[in-house]
Every structure is written in structure tokens, then in C-alpha cells.
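**Q** just a sequence and a predicted model for now, questions to come.
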There are 2 protein chains.
Amino acid sequence: MPSTHTVPHLQTTLTGPLLELESHLLAHQAEIEAWFRQQFRQTPAPFYASVDLRNAGYKLAPVDTNLFPAGFNNLAPELMPLAVQAAQVAVMQACPVADGVLIIPENHTRNTFYLENLKALQNILCAAGYETRIGSLRPDLDHPMEIELPSAQTLTLEPLVRRGDRVGVADFFPCAVLLNNDLSSGRPTILENIEQVLLPPLDMGWVNRYKTHHFEHYTRVAHAFAELIEIDPWIITPLSIQCGPVDFKKREGLNCLAGAVNMVLEQTAEAYQRHGVDDTPFAVVKSDRGTYGMAIMSVQDPDQILNLNKKQRNKMSSGKEGLVAHQMMVQEGVYTFETLKGAVAEPVVYMIGPRVVGGFYRVHTGKSATDNLNAPGMHFEPLSFAEACALPDQQAAPDAAPNRFYAYGVVARLALVAAAREICEAKPNCPGHSQ
Amino acid sequence: MPSTHTVPHLQTTLTGPLLELESHLLAHQAEIEAWFRQQFRQTPAPFYASVDLRNAGYKLAPVDTNLFPAGFNNLAPELMPLAVQAAQVAVMQACPVADGVLIIPENHTRNTFYLENLKALQNILCAAGYETRIGSLRPDLDHPMEIELPSAQTLTLEPLVRRGDRVGVADFFPCAVLLNNDLSSGRPTILENIEQVLLPPLDMGWVNRYKTHHFEHYTRVAHAFAELIEIDPWIITPLSIQCGPVDFKKREGLNCLAGAVNMVLEQTAEAYQRHGVDDTPFAVVKSDRGTYGMAIMSVQDPDQILNLNKKQRNKMSSGKEGLVAHQMMVQEGVYTFETLKGAVAEPVVYMIGPRVVGGFYRVHTGKSATDNLNAPGMHFEPLSFAEACALPDQQAAPDAAPNRFYAYGVVARLALVAAAREICEAKPNCPGHSQ
């Protein structure tokens, strides 16, 4: 079992009920792993995902599940073998005969953080034994483009082409095509009806996906899991309500939105009282579609919604690549009480197939515990988890680092089960999900 | 990719051709992984195995492949998540619906090193989400026995019972039964024709298995691999010849054995000349069956075989649990040039399913480079590999630690392919193996 390892000195001010959660997870580890196995046998896990968590000490909950994860370059190098092993299994399950993988990335070619992620992903798949090339959707790319990265590696983007029912680059048309593009700008025609295995399926782009729909699934999954290990499901579930259509520019739907905020704040206040939590409830309002923290705000009072100024309303109506916010999600805000040298630290957990392969903290010095950390242009320091989130230490205290990481890995996988169900539902023959 | 990591300060005096091997492995990594994937798709890997390697600097070769590996307690705790992940996949493939695993261990209950191994194996399977209990074959065990281990953990051995066509302990009769007993004393009747999945199959016990047979497979595998990456297969292949029957006590078959030794020494001398190696060839004579280094000796001259004294002959005719040496294997000796503070260090690589999960060095101060390190009662210091053998570092020098470990992992997996073919051959419907 893992020995004590160098682990960031994180501090959690409130630890009561989370310790309780960690203790429950430790006591039920074999059952938990068997339960996840059963879930993913029933509904296969997505090829990969990352899950943003918030750890309030008394509550540990996912706030975002990304099916096109970036940030693989932030994982600890020591944990790479785990990612490689998981990738071997995941590609083989998706495409047993594949010897190659084509990655379709986001279009932005100047974001070196993103490009380092792409290189890290390519390295993982190469080390797993798959020739891996990158086919860009950029319309202005007509020949291979080599990019020198800050890590001194070279990334080659090639123009994506279609031949009959297959997509590829040059003479490379492998069976497995991996999307690392969240399709915020829509379903690319070139990818429609290809005969290759597209991971995840085209329907999982943000154009077709609602966050509240994910959290509906998550809530059901979390309830079933809470029953299994005998905890209050509130400890791991953020209340999430859909509201819309909202047009911030035209001030349409704001009353409805304020009502939803009010409902979330009231229910959270009740839950805080029930659990003896002394914090002020807050709600997070964000677009029900799209990633990137552009249309997002934290509110502690419904009136804030009604009194937005023009600048705030403009911000809330902007989306990535022109995706306009119409449906909104109002979600219970979960405080961030993990800090590193006074800076807020938020965990992100990475999974390949059904397996946790690592994670990191987004550490940011300029923000408070209620702010959203994934804001555009924001500076954050990635801090790799020193351990894999995969293995608790039964001999150590419930809040020892491996056990906290294990708790992260468990809650992240609950979100993964929810995502698996979303993907299944988008297919024609999805069986019903048992509890 | 792995950063520089604390790695034992090992020294290899001769590095020329091994550097060449490592360079070739680095250059062909994706092809190599794809090749292994194809091999194990064709012939599934054993549930687990460990492979003893010898690293002479100019040659890296397996000398023993153990299908009932002990020593899991010697793996680095940091690498445990890798073992857990590999175990999840391996159990699921053997037995998709299993929620439990029964381990059948060796009978010796006083060897705390072995018992710690057993506990480590149990911990790996528990962490993988399988209820794991230990069913002992000991005829004198009629109730559960709790053993306190030096690591402060408790190991519980339960009497193995049979009910109809299933074996189990108490009310625990899971689908997967894992042998950690090399069956040197024969095929236990209680395990014959059980309907559960027995891993590895009963036919893989030493009663049914010849080492030379394994090395015949290995030689074919190594040749195919050498062609793939364009190296001389000698660099990774130890010449192995079967000889027998030999009865040391009655001095029968010794001339034949001396002849085999002579052949190995001559062919090795030729190979040394071809490769510009300045060492004195030696041969290792050991029982063609059985593990444990009891009937084993190193010779540099065939006359040593003819002039054995009574004590030496007695030693050579003893085997584990009374298994008498009849068929012998004469194998090209491969020098051990890796040292740690002047002590000989020999790598052992561990695999679960087709995946390398770690390894350690047997470090022994009192032995020379030609001696066998796995002698009974011998003291050795396990020194965990700091890395997983799973992932080379393309940016580092070919002999940098991750790359040497990767080379270990590749050669060990070649032996694993050979073992997979042995297991397949023991089954009624084994398809032929392509090169």
C-alpha cells in the first residue's frame, strides 16, 4: 500500500463530515470498486474525461465533467505509466484491431498550454503502442504545421481530410478517432457518418449536451452510491436546476433565473442547517452548454440577477466561439476550502476509460473561495497530485493524502458513470439504467 | 514522460551493445507495443508472472520465468496503483462476472517473506475491488489461522474445501481461483476438474512443465522480435539445452551432461568472439523442472561435471518438496554486471496480465557475477525499481534509468509471450503461433 509520499501541504479548514465520507469510502473500498465495475460493465465509460471538484471540507462535489479533457500535460510524470496502461485498455476496447489513433484537436494553435496537452496526449498514446497523429479541423491549414513547444518537443498538426466514409491525415486513416475538441462551434460536417470509431461520439459535443442533463444523471448515480455506502447523498451532490431561455442582452427570462437562484439558495440554507454548516449559501449561474468559464457568475442573492449592469449582461451572453447562452444552469455553490499557501486550490481528476490516472490542483492566488477558477485568460498554477487517486491507504488516517485523493477519485468516477449514461442515451439502443 | 527520479546508483561495467539494444527499443517503441498487443491478442498472457533477468551489459536475457510469482511485497509502494489497475483488467478478462478471488498459496507458513508477498497480493486484489481470501492446501489446517506479519498486517489462512465441482473457503466459492503455489509436489486432487477458472491452469505446475520447453518458445519469440527491431537475437537469448535423464547419485548421464555443457561453452565462446566480448564463457546446470535454486550450479569446464564430489552430487539431486532432478537444463551463463555498492544486483520484473507492473533487484553482497542468486536460505536485499519499466524516456540517453527499466520490461514480456504459448499449448484447442 502507498507509503507516505511528498504531498502538497494543503489545508482544509472544515474537516468533520468529509472525514466521515473518507472513513466510509475506506470501509467499503472493495464494494465500491465492485460497484464501479458493475456500472461500467453495464454502461461503458467514455474514452476519457476530467472532472472538476470542489472540496468544502463538509462536502465534496463535482461541478464540471469534461468529455474532451485538456491538461494532460499537468499530470505528474511519475503517474504516466498508469495513463499509458489505461489508454492501452481503452483503445483496445474501442477498437480491438487498431494500431493507430487520430486525434482531432481544438482549433486554437497559439495556446501553448493546450498544445502541450495535445503533445502529452499524443505521447501517452504512442507509449501505449499506437501511431498517433493529429488531424486539425482548421480550414486554413493546407499542409502539415510543425510547432515548437516550450517543453522543447515538436507538435505536428496535419490537415484533416475525408476519403469516402473515413477521415485521416495524409495516408493515415486509422480505426480510432479521438475527439479533443468540444465542438462548441457545431458538428463538423467532415465528421458526420464516418465509419471509424469516434470517441466520444459526435452527439457529446456541447451543441447537443446540457450540463443540467449530466447533473440529473449524476444525482441519480450519487443517490444509488450513497445508499451503498450509507451516507447522506447531499455530501456529494450539488443541487442543479435548469432555467431558460434567458437572453441577458434583452433582459428576458431574468425573473425566472432569479427564482431559480432563490430556490437553490433556500434549499442550500436548509441543508447547511441540517448539517450544522455555518457558511453563507451561494449559487453559481452558468451557461447550460459549453465549457470555458465565460458566461459564469457567483451570486448570494437573487437580486444580483435582476440588477446586472450592461457589462455583466454582455459577459453572461457570450460563449466560446460565439455560442450564445440561452439555457442556463443554476447550481448550488460549493465552497473551496483547500488552500495552498493561502491560495485557493481546486482539484481536477483525470480518467481514461473507467480508471483514474491522476489529477492536479488549479491553484490561484487572486480569487476567493466562491469564485469560479476556470475563467478565461486566468493564470493558474497546476499542482500535480503526488498520487494516483486510485488507492487508499487503509493504515493511514481517513484524511491522509492517499485517502483524500482516493475520495477525489471516487467522486470523479461517479460523474464518469453519469457521463457514460449520457453517452449511452444518445445511442439508439441504450438499455435502461438500474439503480 | 517520466522525469528524472531517484534511481539506485547501479553500475554496468560494459555498456556498448546494451546501449545499442536500448537505442533500438527507443526507436521502435510504438511498433514494439503494437507487436506485444498482437501477440497477446493471439495468445492471452498468463494472469501473472515474474521474470529473472541477467544484464551483462552486452547481453540482457531472461533466466527464469515464474508463473506463480512471490515477492509482490518487494514492489515499490508508489507503483501499486499500476498493479491494481492491471489486476482489475486481468481478473475481469478471466472471469467477467467475478466479485471475488480465492488465492491458493504455497504450504510453508513460517516464511514471513512469502507471507508478506501473499498479503501484498491480497491487498492488490482487494484494492482492485475483489473480495479476496486465502484457501490453504495444508492438510493440517482445519480452522482459519491468523498470522501477524512483520509489516503489522494480519494474514488469514483458511482451509480449502471442495463442494461438488467448486473449491472455496467457508461460504466463499468465487469464480476466479488464483494459484500462488507452483505445484512442485504434484497436482492436488482437490483442484482437478473444478468448474471455476483456475489461473494459471493446473498443467502449468512444475510437475508438467520443462524449463527448456519454455526457452524453446522464448527463442522463437526472441528471434521474431529481433527481426522486428533489427538486432542480433543473441543479445536477448540464452542458449538452453535439455539433457537427461541424469541421476547424480548413481552417476548416470553425467557424460551426456558434460557434453551439453561443452556445447554451450563452445557456442558461447564463438558468440563472445563474434561480439568482441572478453569474458570467460560459463554454463548454468539446473533441474529442468521446479523453482527454487536448490539443484543448480555454474561451471566453466565440462570436467567439473565429471568430477563432482558426493556432497555436490547430493545437492544436485535434491529438489523442492522431494522433486528429484532427472531432466536437466544446461543454459548459457549470462554475467551479472550490474552492481550496487560492489554487490551483485539482478533484476526481477513483475507482470500482471500483459502489463509490466514493476520489479526489484536482488542484491547480494557475498556472491560473484556468475553465481546463482536464488539459492535457498540466501539473504538478499530487495531494491524496488523506482519506475515502472513501462515507459521509456525518449528525451533521455539510451542508458538512462527509465530506458534501462523499459528494456527490462520488454525482455521480460518476451518471456511472457513464451509462457503464454506454453499455457496455450497445454490446452486442447491451441491455434498455431505465427512468427
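**A** Perfect, thanks for sending it. Numbering: from 1, shown residues only, chains lettered A, B, ... in the order given.
**Q** can we go C-alpha only for contacts and neighbour counts from here?
**A** Fine.
**Q** quick one: name whatever helix or strand follows the helix or strand containing residue A:268.
**A** For residue A:268, the element it lies in under DSSP states H and E is helix A:254-274. Proceeding N to C from helix A:254-274, the next assigned helix or strand is strand A:283-287, under DSSP H and E.
**Q** which outside residues touch stretch A:257-272?
**A** Residues from elsewhere that reach stretch A:257-272 (C-alpha atoms under 8 Å, 6 or more residues apart in numbering or on different chains): A:234, A:239-241, A:243-244, A:246, A:278-283, A:285, A:299-303, A:305-306, A:328, A:330-332.
**Q** so which of these belong to strands?
**A** A:240-241, A:243, A:283, A:285, A:299, A:328, A:330-332 (DSSP state E).
**Q** now, which of these sits nearest chain B?
**A** Closest approach to chain B among the ones in strands among the contacts of stretch A:257-272 (C-alpha to the nearest C-alpha): residue A:240, at 31.1 Å.
**Q** quick one: contacts for the residue of the stretch 101-250 of chain A found nearest chain B?
**A** Of all residues in the stretch 101-250 of chain A, residue A:129 sits closest to chain B, at 4.0 Å by C-alpha to the nearest C-alpha. Applying C-alpha under 8 Å, 6+ apart to residue A:129 gives the contacts A:88, A:99, B:29-34.
**Q** now it, what's its secondary structure?
**A** When classified by DSSP: H, G, I helix; E, B strand; the rest coil, residue A:129 comes out as coil.
**Q** ok, it to residue A:120 distance?
**A** As for residue A:129, its distance to residue A:120 is 14 Å (criterion: C-alpha to C-alpha, to the nearest Å).
**Q** and what of residue A:343?
**A** Taken as C-alpha to C-alpha, the span from residue A:343 to residue A:120 is 27 Å.
**Q** looking at the two, which one has more neighbours?
**A** The neighbour count for residue A:343 versus residue A:120, taken as other C-alpha atoms under 10 Å in any protein chain shown, is higher for residue A:120 (22 against 18).
**Q** for the more buried one, helix, strand, or coil?
**A** Criterion first, three-state DSSP; result for residue A:120: helix.
**Q** same thing with residue A:126?
**A** Classification of residue A:126 by three-state DSSP places it in helix.
**Q** once you drop chain neighbours, what's closest to it?
**A** Once flanking residues are discounted, residue A:126 sits nearest to residue B:30: 5.6 Å by C-alpha to C-alpha, 6 or more residues apart in numbering or on different chains.
**Q** any idea how far that neighbour lies from residue B:178?
**A** For residue B:30 relative to residue B:178 (C-alpha to C-alpha), the value is 32 Å.
**Q** now the strands for the stretch 51-200 of chain A?
**A** Along the stretch 51-200 of chain A, counting by DSSP state E, counting those that start in this stretch, strands occupy A:60-66, A:100-105, A:131-136, A:145-148, A:154-159, A:161-163, A:166-168, A:176-180, A:197-199.
**Q** what residues does the fifth one touch?
**A** It stands for strand A:154-159. The contact list for strand A:154-159, computed with C-alpha under 8 Å, 6+ apart, reads A:115, A:119, A:133-138, A:141-149, A:169-170.
**Q** now, of those, which are buried?
**A** Neighbour counting with 16 or more other C-alpha atoms under 10 Å in any protein chain shown marks A:115, A:119, A:133-138, A:144, A:147, A:169 as buried within those.
**Q** how about those in CSV, adding pLDDT?
**A** Listed next are the buried ones among the contacts of strand A:154-159 as CSV, based on pLDDT from 0 to 100:
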residue, pLDDT
A:115, 95
A:119, 96
A:133, 97
A:134, 97
A:135, 97
A:136, 96
A:137, 95
A:138, 94
A:144, 96
A:147, 95
A:169, 97
